[in-house]
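Peer 1: Quick one, what's the 3D model for this:
(2 chains)
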Amino acid sequence: MTLLGQFALWVALLLAVWSATVAFSGRWQGREELRRSISGAVYGTFAALAVAALALWKGLVTHDFNIEYVAAYTSRNLPSGYIVSALWAGQKGSLLFWALVLSLFASLAQVLTPRRYAALLPYVAGVTSAVTAFFVCTMIFAANPFERLPFTPADGRGLNPQLQNPGMMIHPPMLYLGYISITIPFAFAVAALLSRSLDTGWIHAIRKWTLVSWLFLSIGITLGMWWAYVELGWGGYWAWDPVENASLLPWLTMTAFLHSVMIQEKRGMLKRWNLGLIIGTFLLSIFGTFITRSGVIASVHSFTQSNVGYFFLGFLAVSGVLAFTLLYTRWPSLRAEVQLESMLSREAAFLFNNLLLVGVAFSVLWGTLFPILSELVRGSKITVGPPFFNRVNIPIGLLLLALTGVGPLIAWRKASTANLRRQFTAPVTTGLVTLVGLLASGMRDFYAIMALALAGFVAGTIVQEFWRGVRARRRMHGESVPLAFSRLVARNRRRYGGYLVHVGVLIYFVAFSGMAFKREMEATLKPGQSVRMQSPFGHTYTLTHMGVSQFEALNRIVSAATVSVAKDGKPEGLMTSEKRQHVDSFKRPTFEPSTEVGIRSGLQEDLYITYAGSVNGTEEAVYRFTINPLVWWLWFGGFVLVFGGVVTMWPGGGPTVAAPRRAVAGYEVALVGGGPE
Amino acid sequence: MKAGHKFLLGAAAIVVSVGFLIAEGVKETGVYFLTPSELAAKTQADPTFYDVGLKMGAKVVPGSVRRAPDNRQIDFEVSDGAKTYPVTYRGLVPDTFTDANDIEVIVEGRLGRDGVFRATEVLAKCGSRYDAAYEKSKKA
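Peer 2: Below you'll find the model as predicted:
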């Protein structure tokens, strides 16, 4: 099977090179058969890579431990779900997975793009094929998943226990899908630049793609937080680790892009900025892979390191130089059609939103690279950690949260005092009431209070929007409230789906603010001994150590420590935290021992227990107990955000009137005064 | 003043404040990341370089780990081959921290004038032990 896989990789490489070469040569113009061969080669690349992936899957499923990749990431006693997901568990396999999905997306872009953008497609194929070719080259020449060993081990090494978590079957592919799908909008941007069709056409063509990749990134990041929370055992979900930061960077610039394209669609401004943003987002997605794979910065994800990173560094440099040079050569034809009229306008709110998002991205990038930068410039390595990122990003984040309320409600072009009063009286009141309520309840953490009060303000704006929409439908059509509500959303998916996404975002902020009130204690307990803990919501937990039991499971030897929990004097059952020593089928230990935490999740707070080991092999156990307020809301916010995103993207629903509306707006602007530059 | 100019002022204000937050953040929270030899050189050049928050990356000296009976204090030595420092840490160490050969750790804390490094955090890099054994078996 490895022979077939190898062969398929070479076929994929040749097809991708063909497609890219023909596309960029421009010879296809006026030659239909050449033009067809470009998209044909894209589909062929996908087919070849699918064969390669199936070949590797066959090796995994049949335990062909002569294949180095199979021996390195699976073992006979590994549960079958992890054998299937082992395709993307390791570096080489994940490169194959990446190339496969990219070629799938590239094919879909060729098939699904409406005919009116057909002129862009050969160039789009060229870009996607060039990127695919890079990935396949990296596999063939540096990280071949089909490499064979000189001997056949009796058993494989098995999967790192920290990756043996159901979340890990979907967290990496979701992030990859996000990273990979960014290539499609980037390809359209480059195609627009190359073909000089620099109107808003390319932006309409990629709207769904940008939403798709933003959604996958959001899901991937949230699942990553969940994995860190349940698997890493330190009691939190975000540590500003370089790899976490690397996934946040393209998400931030993509979020900025989703907002700024609305300004280009409606007003014809920000053309250069948008192209710069999408190029930057693509480069950040490659940079993220580089950080993850190269290990240049120490990280909890160090199990993924190798020298493949330097292939990525080279690719990053080349594609960055090419894309920005191309943008520079088209600079004069990317003038804004109108100018900003007032600081009190939706345009201005969106511009500030963009600046702040890019500011966050810059500070995260700076903090992540600071050890390298300081060593280059000053000769000594200086690192910054969570205190730095929190210090810089909490204030900016709060400003962004405030703009989340302002942006969607303030008028385009220039807001009148009447508009401001009509839109913001109720929400500002909500925010102030929240603020007073929190102060009265005795809360004193400045940032948490600000976050919750601003969340109140934003919630006020959104509820007001829904309420007004429903009321209008009831007046016009006499519908019942639920019917009016569902039709309102169904007929204006982009707008109300967007509001739902904002609801998700503000729930995230509420959950983040909860972590300001985290409580933690460590205790060494003999069986029968107990400790008390006071939660920030005023509950008293009594935690009694019941004992440690040892047993063997499928692929591990487990020591499980059990705690009996009572909340405010009422028994709440047992919780268990485990130390696991994974073993192979000959009972030899593989990997270091790992900890499985016990979590009891509630609407107010999570009780999180970590068994840190026993004293001298007795049943006297060392524990860390953590109370994490409002964590449940983070996962709930994730659901709301994804639901809102899906509503926004759902096909149909409301006329797409963006283009004519923009023309009208431009005309009016010319009459008012501030004509084109 | 035109709106465009006002916006530029606002944008400049944002850029300056983000820049300020970053510069201030680095100044207030940035810590040196040193090897034991570099730390020794620093304290020699600057005798006041004690009780300064810093991170040190080194290997745990095999067999140097002493755990307190309650399992909550741990003493060990770290070295880069040239210079060795005793480290004391009160708290729970991560799973990957073991007595075995060649465990790389990053300790965060302060070097006291008595020459003992008091760690407030211990990070262990994912075990190279099994990897090394695995790489060896692959070549066998």
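Peer 1: Pull the contacting residues for the residue positioned nearest the centre of chain B.
Peer 2: For chain B, B:K55 is the residue whose C-alpha lies nearest the centre (Cα atoms, centre = their mean; 2.8 Å). Under the criterion of Cβ atoms under 8 Å, 6 or more residues apart in numbering or on different chains, the contact partners of B:K55 comprise A:T383, B:V31, B:Y32, B:F33, B:L34, B:I106, B:V107, B:E108. (Glycine included, C-beta is placed from N, CA and C.)
Peer 1: did I read that right, the third one in a strand?
Peer 2: Yes. When classified by DSSP: H, G, I helix; E, B strand; the rest coil, B:Y32 is found to be part of a strand.
Peer 1: re earlier: any idea which of the contacts of B:K55 has the most stuff around it?
Peer 2: Neighbour tally across those (other Cβ atoms under 10 Å in any protein chain shown): the maximum, 24 neighbours, falls on B:V107.
Peer 1: There's contact between it and B:G53 in this structure, I believe.
Peer 2: No. B:V107 is beyond contact range of B:G53, at 11.5 Å (criterion: Cβ atoms under 8 Å).
Peer 1: can you pull the buried residues of the helix or strand hosting A:M546?
Peer 2: A:M546 is part of strand A:540-553 when elements are defined by DSSP states H and E. Within strand A:540-553, the residues scored as buried using 16 or more other Cβ atoms under 10 Å in any protein chain shown are A:Y541, A:T542, A:L543, A:T544, A:H545, A:M546, A:V548.
Peer 1: the inter-axis angle of the following helix or strand past it versus strand A:540-553?
Peer 2: Note on strand A:540-553: by DSSP H and E, the next helix or strand toward the C-terminus is strand A:556-567. Angle of strand A:556-567 versus strand A:540-553, following axes from the mean of the first three to the mean of the last three Cα atoms, to 10 degrees, is 160 degrees.
Peer 1: same for the helix or strand just after strand A:556-567, what does it pack against?
Peer 2: Using DSSP H and E, the next helix or strand after strand A:556-567 towards the C-terminus is strand A:570-582. Contacts defined by 3 or more Cβ pairs under 8 Å, 6 or more residues apart in numbering or on different chains; DSSP states H and E place strand A:570-582 against strand A:556-567, strand A:594-596, strand A:598-600, strand A:605-614.
Peer 1: Can you tell me which of these is nearest to chain B?
Peer 2: strand A:605-614 (4.3 Å; Cβ to the nearest Cβ).
Peer 1: Am I right that the residue nearest to the centre of chain B sits in a strand?
Peer 2: Yes. Using three-state DSSP, the assignment for B:K55 is a strand.
Peer 1: Now the terminal residues of stretch A:57-72, how far apart.
Peer 2: Taking Cα to Cα, to the nearest Å, stretch A:57-72 runs 14 Å from one end to the other.
Peer 1: cool, and stretch A:135-152?
Peer 2: OK, stretch A:135-152 end separation, Cα to Cα: 28 Å.
Peer 1: again with stretch A:482-500
Peer 2: 16 Å.
Peer 1: What ranges does chain B have for its helices?
Peer 2: With DSSP state H, the ranges of helices along chain B come out as B:3-29, B:36-45, B:128-139.
Peer 1: Averaged pLDDT, stretch B:10-20. What do you get?
Peer 2: For stretch B:10-20, mean pLDDT rounds to 91.
Peer 1: Tell me how far it lies from the chain's centre.
Peer 2: Distance, stretch centre to chain centre, for stretch B:10-20: 31 Å (Cα atoms, centre = their mean, to the nearest Å).
Peer 1: tell me which strands and helices the strand holding A:M546 is in contact with?
Peer 2: Helices and strands touching strand A:540-553, as assessed by 3+ Cβ pairs under 8 Å, 6+ apart, comprise strand A:519-525, strand A:530-534, strand A:556-567, strand A:605-614, strand A:621-629.
Peer 1: The ones you listed: which one's closest to A:L104?
Peer 2: For A:L104, the closest of the helices and strands packed on strand A:540-553 is strand A:556-567, at 35.8 Å, according to Cβ to Cβ.
Peer 1: Could you spell out the sheet neighbours of the closest one, each with its direction?
Peer 2: Paired neighbours of strand A:556-567 in the sheet (DSSP bridges): strand A:540-553 (antiparallel), strand A:570-582 (antiparallel).
Peer 1: quick revisit: name the nearest of the contacts of B:K55 relative to A:H477.
Peer 2: Taking Cβ to Cβ as the measure, A:H477 sits nearest to A:T383 out of those, at 60.7 Å.
Peer 1: Establish whether stretch B:15-31 and chain A are in contact.
Peer 2: Yes. Under the criterion of Cβ under 8 Å from any Cβ of the partner chain, chain A is reached by stretch B:15-31 at B:V15, B:V18, B:L21, B:I22, B:E24, B:G25, B:V26, B:E28, B:T29, B:G30, B:V31.
Peer 1: check contacts around the last one.
Peer 2: What that stands for is B:V31. A:I382, A:T383, A:V384, A:G385, B:G53, B:L54, B:K55, B:E108.
Peer 1: how about a cut-off of 10 Å?
Peer 2: A:381-385, A:387-388, B:52-55, B:108-109 (Cβ atoms under 10 Å, 6 or more residues apart in numbering or on different chains).
Peer 1: And for the closest residue to A:Y117 other than its chain neighbours, the neighbour number?
Peer 2: Excluding the flanking residues, the one nearest A:Y117 by Cβ to Cβ, 6 or more residues apart in numbering or on different chains is A:A205, at 4.3 Å. A:A205: 23 surrounding residues under other Cβ under 10 Å.
Peer 1: Thank you, goodbye.
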